[in-house]
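Undergrad: Quick one, what's the 3D model for this:
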Amino acid sequence: MELLFAALTGYLLGSIPFGLLLTRFGGAGDVRQIGSGSIGATNVLRTGRKGLAAATVLLDAGKGLVAVLLADRLWPGMAGVAAVAAIAGHCFPLWLKFKGGKGFATAAGVCLALSWQVMLACAAVWAATLAISRISSVSSMTTVIAAPILAWLLGFPSIVTTLVAVAAIVIIQHRANIGRLMRGEEPKVGSKK
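TA: This is a model prediction of the structure:
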């Protein structure tokens, strides 16, 4: 029962579509009708509203953070379950016919809740990869792949399996980006699409 409650809590928190809600209430329309159709911060940025995109990042990360901390408090030992469920909720929300975001910001919040040390290392990987590639999807995918490795190297083996599961979901959600990368069509940060 604890596993079920933790999973449901994580999924329900993760499935709150902040990107969609913020763009609608902020007068930017339905974010699903532009760009990639994703409800995530990168697509919200395509509305030209940087404030809404920043708020989406913070709220999407926040829901991952809260899901993990809440599960850890209420059902000790179930933080990993809530973490994976929160990512799944963001990526496959019931309310949006299972079409959500790509999960990176929520993954950042989950990682912060599991280990701030690993999160700091991941932030460094993300920043370095973005600076070198200038491609948002490359930095996101590189970071989630690096996360379980960093967790192991930094002495947090108990969260490695959770971070592998998180990475798998995020990579699956980036499959269209992978296709564009292979064709050399993935846009760089700051370039016109």
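Undergrad: got the end-to-end distance for stretch 152-165?
TA: Using C-alpha to C-alpha, to the nearest Å, the end-to-end distance of stretch 152-165 comes to 15 Å.
Undergrad: Stretch 87-97 too?
TA: 16 Å.
Undergrad: just for this protein, where's the confidence low?
TA: Counting by pLDDT under 70, the ranges of the chain that qualify are 190-193.
Undergrad: Can you show me the helices along it?
TA: 2-14, 18-25, 41-45, 50-74, 79-91, 104-114, 116-133, 136-153, 160-173, 175-183 (DSSP state H).
Undergrad: just how off-centre is the shortest one within its chain?
TA: When you say that, I think you mean helix 41-45. How far helix 41-45 lies from its chain's middle: 12 Å, per C-alpha atoms, centre = their mean, to the nearest Å.
Undergrad: E185 - how many residues pack around it?
TA: Neighbours of E185 under the rule other C-beta atoms under 10 Å: 10. Every residue, glycine included, has its C-beta placed from N, CA and C.
Undergrad: If you could redo that for I169, that was the one I meant.
TA: I169, neighbours per other C-beta under 10 Å, totals 20.
Undergrad: what sits against the closest residue to it other than its chain neighbours?
TA: Once flanking residues are discounted, I169 sits nearest to I87: 5.0 Å by C-beta to C-beta, 6 or more residues apart in numbering. Residues in contact with I87 (C-beta atoms under 8 Å, 6 or more residues apart in numbering) are 14, 64, 103, 106-107, 110, 166, 169-170.
Undergrad: any idea how far I87 lies from G27?
TA: 29 Å (C-beta to C-beta, to the nearest Å).
Undergrad: How about G179?
TA: In terms of C-beta to C-beta, G179 sits 33 Å off from G27.
Undergrad: ok, back up a step: put together a markdown table for the helices of the chain, with distance to F98 on each row.
TA: Listed next are those as a markdown table, based on distance: least, C-beta to C-beta, whole Å:
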| stretch | distance to F98 |
| --- | --- |
| helix 2-14 | 12 |
| helix 18-25 | 14 |
| helix 41-45 | 17 |
| helix 50-74 | 17 |
| helix 79-91 | 8 |
| helix 104-114 | 15 |
| helix 116-133 | 27 |
| helix 136-153 | 20 |
| helix 160-173 | 12 |
| helix 175-183 | 15 |
